[in-house]
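> Starting from these lines, generate the structure:
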Amino acid sequence: MAAMVAVGYDGSEHSQLALKWAADFATASGARLRVVHAWIWPLFTQDVGPVEGVADSGLRHAAEVIVKEGCDIAAEISPDLKVDARMVAGLPGVILRQESLDASLLVVGSRGLGSFLGKLVGSVSLDLAGGCPCPLVVVRAQREEGRPVVACVDGHLRSSKVLEQSIRVAQTLQTELRIVHVEHAGPRWKPHRTSQSHSRDVLRNAMLWAQEMDPNLAVTEQLLTGQSVTSALIAAGGEAELLVLGAHGREGHPGTLTTVLAHARCNVMIAR
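Presented below is the predicted three-dimensional model:
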């Protein structure tokens, strides 16, 4: 991937997990890290007037402390990692899109901002899943050595993005790539929409492409079947380091993305 990984950080436990994952990945890939903090308080206080403790006050200082904390955590993980920080007033989704325009990857936590502000501002990860200028990783768990990267392919041209980015992540993390395809069974009284032979062809072609891109990469395949595509994908990511989905198509359908992001037990990447 290119030379910069951006990560959203608000001081919460979820964003700390995201920051640590991003710092590890940036270090492994030789990228620099950008720690982004969306400072939302000016949105709620700009019309308050000259109230003591609001304008140019401890609120700004508190935000600066959060940003410094994020940079310090990254430095502890990798002292040689190049880190820059951005503190920008605005809603997290808007600011993270803006600050990741030149990024190769954007990393966020699965939740943040606390219960009240989380509901007020909305789910940042779901917001970004609907439109992000670069690949997005939503972190749920700390990194564990040996867990595979799971790439979900559907046989369409868009799967090339999923495969390409999955291969690069697996190379960076020095782990196995597992390519999966869901054969949607559908209702029992209907014929299968996709034949098993076609599904095998999808997996075989994906395997050949991955092996051509990196003959030394450990690659396996798995055909998933079931009534629910989302349930199959969530199960496939059960022991994964990263579950990689496309931004569009069956595996990247808005409903699929929303459900997987809500229920996946692993980290999820949306390829673009």
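> Quick one: mean pLDDT for stretch 106-123?
Model confidence over stretch 106-123, given as mean pLDDT, is 62.
> scratch that, stretch 170-179
97.
> Please apply the same query to stretch 228-236.
Rounded mean pLDDT across stretch 228-236 is 90.
> Tell me which residues are up against that stretch.
Here stretch 228-236 makes contact (Cβ atoms under 8 Å, 6 or more residues apart in numbering) with 150, 152, 178, 180, 182, 184, 222, 224-226, 243, 245, 250-251, 255-256, 259-260, 263-265. Bear in mind the C-beta positions are built from the backbone N, C-alpha and C, glycine included.
> Would you mind listing the buried residues in it?
By neighbour count with 16 or more other Cβ atoms under 10 Å, stretch 228-236 contains the buried residues Val229, Thr230, Ala232, Leu233, Ile234, Ala236.
> Leaving out the residues flanking it, which one is nearest to the second one?
With Cβ to Cβ, 6 or more residues apart in numbering as the measure, Thr259 is the residue that lies nearest to Thr230, at 4.3 Å, once sequence neighbours are left out.
> C-alpha coordinates for stretch 155-174, PDB please?
Output of stretch 155-174 as PDB, limited to C-alpha atoms (Å, rounded to 0.1, in the frame of the first residue of the first chain):
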ATOM      1  CA  GLY A 155     -16.800 -13.600  -9.200                       C
ATOM      2  CA  HIS A 156     -17.400 -10.100 -10.500                       C
ATOM      3  CA  LEU A 157     -14.800  -7.700 -11.600                       C
ATOM      4  CA  ARG A 158     -15.100  -5.800  -8.300                       C
ATOM      5  CA  SER A 159     -13.700  -8.800  -6.500                       C
ATOM      6  CA  SER A 160     -10.300  -7.900  -8.000                       C
ATOM      7  CA  LYS A 161     -10.100  -5.000  -5.500                       C
ATOM      8  CA  VAL A 162     -10.900  -7.400  -2.600                       C
ATOM      9  CA  LEU A 163      -8.300  -9.900  -3.700                       C
ATOM     10  CA  GLU A 164      -5.600  -7.300  -4.500                       C
ATOM     11  CA  GLN A 165      -5.900  -5.500  -1.100                       C
ATOM     12  CA  SER A 166      -6.300  -8.800   0.800                       C
ATOM     13  CA  ILE A 167      -3.100 -10.100  -0.700                       C
ATOM     14  CA  ARG A 168      -1.200  -6.900   0.300                       C
ATOM     15  CA  VAL A 169      -2.500  -7.000   3.800                       C
ATOM     16  CA  ALA A 170      -1.600 -10.700   4.200                       C
ATOM     17  CA  GLN A 171       1.800  -9.900   2.800                       C
ATOM     18  CA  THR A 172       2.200  -7.000   5.300                       C
ATOM     19  CA  LEU A 173       1.000  -9.100   8.300                       C
ATOM     20  CA  GLN A 174       2.900 -12.100   7.100                       C
END
